[in-house]
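*Asks:* Take a look and give me a structure for this.
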Amino acid sequence: MQTESLERTNNRDKYPPVILASSSPRRYEILSRMGLSFTVDSADVDESVDRNLKPHEAVKTLALRKAAAVAPHYTQGLIIGADTVVVVDNVILGKPSNHEDALAMLLTLQGREHSVYSGYAVIDAASGKTEVDYDHTAVVFRSFTEEEARRYIATGEPLGKAGAYAIQGLGALFVKEIHGDYLNVVGLPLFKLAQTLKNFGLDILNAALSN
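*Replies:* Here you go, the predicted structure:
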């Protein structure tokens, strides 16, 4: 048992520490479920971007901005930044500012398909190596009434969520189907992120087994 414990400790030491540059509970939960050891260190950054940027460019820009704001705090480790937006009719829907804003977003999405883009950036604090990418998922909402939307908003869940809904919560009641990575809609494209982390010497599955 002592030998096994020592081996697991040595394996754990092989992997660089991971720092999540996000205060999002959803992203925290995604990484936690993977059994990955990490710390959270988020910074307030300006989330405004050039309106001429395409959605995938906007999320990549903001993800990198978030990671880059945290990276100088460390001499080693992999810093992960992320950003998510909902897009319909080529218009980016951010987080609703109030209940009426949330209602307008939900009624715009109801009965139709929209796109969710999540960008992520990984920075190696020691070397400065940086990779940025994104994923896209199509989500189809069922038709629903304004009364249903108002009852959902009354739960408080839509506030603070891009597009005014949380697919991992009660918002799932409006989702008819999705095409693509479910976790991308939640806020972190884990499939693509895991592939990128391998380029930095971190295999999530092996790291989880070392914990």
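
*Asks:* Tell me where the model's unsure across the chain.
*Replies:* 1-13, 211 (pLDDT under 70).

*Asks:* Spell out, range by range, the helices that occur in it.
*Replies:* 2-13, 25-33, 55-70, 99-109, 146-154, 182-186, 190-198, 204-210 (DSSP state H).

*Asks:* could those helices be laid out in TSV, adding distance to residue 130 and mean neighbour count?
*Replies:* (Each C-beta comes from the backbone N, C-alpha and C, glycine too.) Formatted as TSV, those follow (distance: least, CB to CB, whole Å; neighbours: other CB atoms under 10 Å):
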stretch	distance to residue 130	mean neighbour count
helix 2-13	24	10
helix 25-33	19	17
helix 55-70	7	22
helix 99-109	33	19
helix 146-154	39	15
helix 182-186	21	23
helix 190-198	11	17
helix 204-210	19	15
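
*Asks:* possible to save these as JSON lines with distance to residue 138?
*Replies:* Formatted as JSON lines, the helices of the chain follow (distance: least, CB to CB, whole Å):
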{"stretch": "helix 2-13", "distance to residue 138": "38"}
{"stretch": "helix 25-33", "distance to residue 138": "19"}
{"stretch": "helix 55-70", "distance to residue 138": "13"}
{"stretch": "helix 99-109", "distance to residue 138": "12"}
{"stretch": "helix 146-154", "distance to residue 138": "21"}
{"stretch": "helix 182-186", "distance to residue 138": "10"}
{"stretch": "helix 190-198", "distance to residue 138": "16"}
{"stretch": "helix 204-210", "distance to residue 138": "26"}
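
*Asks:* quick one, which of those helices is nearest to residue 43?
*Replies:* Minimum separation from residue 43 across those (CB to CB) falls at helix 55-70, 4.0 Å.

*Asks:* For stretch 124-139, which residues meet the burial criterion?
*Replies:* 124-125, 132-137, 139 (16 or more other CB atoms under 10 Å).

*Asks:* Quick check: the farthest pair among those residues?
*Replies:* Those two in the buried residues of stretch 124-139 that are separated most widely, counting by CB to CB, are 125 and 139, at 34.6 Å.

*Asks:* Around the nearest residue to residue 111 once chain neighbours are set aside, how many other residues sit close by?
*Replies:* Excluding the flanking residues, the one nearest residue 111 by CB to CB, 6 or more residues apart in numbering is residue 143, at 3.9 Å. Neighbour count for residue 143, taken as other CB atoms under 10 Å: 10.
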